[in-house]
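Participant: pasting the sequence and the predicted coordinates here, then a few questions.
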Amino acid sequence: MAHWIPLTLLCALSLATADAVTKRWLSGWSARDLTVVRFGLAGFVTLPLLLANPPDWPAPVFWGWVAWLIPLELLALLLYMQAIRDHALSLTLPYLAFTPVFVTLTGLMILGEQVGAHGFAGIALVVTGSWLLHLDDWSPAAFRRTILAPLTHPGSRRMLAVAFIYALTSVGGKGALQYMPAAQFGPLYILLVGIAALILFGGHSRLPRAVRAMPVPVLLVAGLVGVMIVTHFLALQQVETAYMISVKRISLVFGILFGALWFGETGTRQKLSAGAIMLAGVGVISTQAPP
């Protein structure tokens, strides 16, 4: 198996677990509070990795990449939280599936990354499975409703914007990796984003009180996000961005299992069928992408 695939699967599992812990114990928190936990606190959790392996001062062009990545990361998370808070999940989450498709375009335009026909077929399978995963039913009416929703529904448009922003930040992160090794860039990046989150939202956050009241779930979410960020960049440096982001979408399959085991969610059989389509796409990608 290619070295980047286990790293990406660990990244996906960490993301899904962080989401599940957030839903179970922190679901009443505001988008700002969750931003501070998932970025601000996570940045300090991974700080020992940075101190143990400090990077050399990078070239000025590196800071150019980082300067536009940080505000986009914060904007994407806020839009994401608002979309799922204010609108039906069936009209928002399916559109996050389009990130790998957008990445094939942004990767080509920004970094010159190319995806072959075989690899794009694998990406298409992952996107299709991701889309089906969030449909209440697979009837023609459900397909028409979700396909046309961005024309009329603000929540759908907001999540489609999130998907495109993530396509930009994913490729931008790969661009920054040209100037710093992933083992150093991951902890540094989450620290910088975390500092920005604390500056913007920390004054209105209840984080200090929350950590005292329920330290285990808060610190667990921060630690899992830290693992997700570090493994994300370790995998990303080895493969085209579109392939890595597609395989990372397997976090949705892990989310199905958490939903069934922790929250008693129904419709698992239909969702697992969609997950099987995603896994088939990962299998196709693994035969196309470099080891």
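Facilitator: Received the coordinates, thanks. Residues are numbered from 1 along each chain as shown.

Participant: residues touching residue 168, list them.
Facilitator: By C-beta atoms under 8 Å, 6 or more residues apart in numbering, residue 168 lies in contact with 72, 106, 110. Quick note: C-beta positions are derived from backbone N, CA and C, even for glycine.

Participant: which of those fall within helices?
Facilitator: 72, 106 (DSSP state H).

Participant: can I get the contacts of residue 168 in a markdown table including neighbour count?
Facilitator: Listed next are those as a markdown table, based on neighbours: other C-beta atoms under 10 Å:
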| residue | neighbour count |
| --- | --- |
| 72 | 14 |
| 106 | 21 |
| 110 | 16 |
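
Participant: which one of the contacts of residue 168 is nearest to residue 39?
Facilitator: Among the contacts of residue 168, residue 72 lies closest to residue 39 (C-beta to C-beta), at 12.6 Å.

Participant: would you confirm that residue 35 contacts residue 81?
Facilitator: Yes. Contact criterion C-beta atoms under 8 Å: residue 35 and residue 81 qualify, at 7.4 Å.

Participant: more neighbours: which of those two?
Facilitator: residue 35 (26 against 19; other C-beta atoms under 10 Å).

Participant: show me what contacts that one?
Facilitator: 74, 77-78, 81, 197, 201.

Participant: mind doing that once more with 10 Å?
Facilitator: Listed by C-beta atoms under 10 Å, 6 or more residues apart in numbering, the contact set of residue 35 reads 29, 73-74, 77-78, 80-81, 193-194, 196-198, 200-202, 205.

Participant: residue 160 too?
Facilitator: Counting by C-beta under 10 Å, 6+ apart, residue 160 has contacts 83, 92, 94-96, 98-99, 102, 149-150.

Participant: which of the residues you listed lies closest to residue 129?
Facilitator: residue 94 (11.2 Å).

Participant: which residue, other than its chain neighbours, is closest to residue 107?
Facilitator: residue 113 (3.8 Å; C-beta to C-beta, 6 or more residues apart in numbering).

Participant: what sits against the one you found?
Facilitator: By C-beta under 10 Å, 6+ apart, the contact list for residue 113 reads 103-104, 106-107, 171, 174, 239-243.
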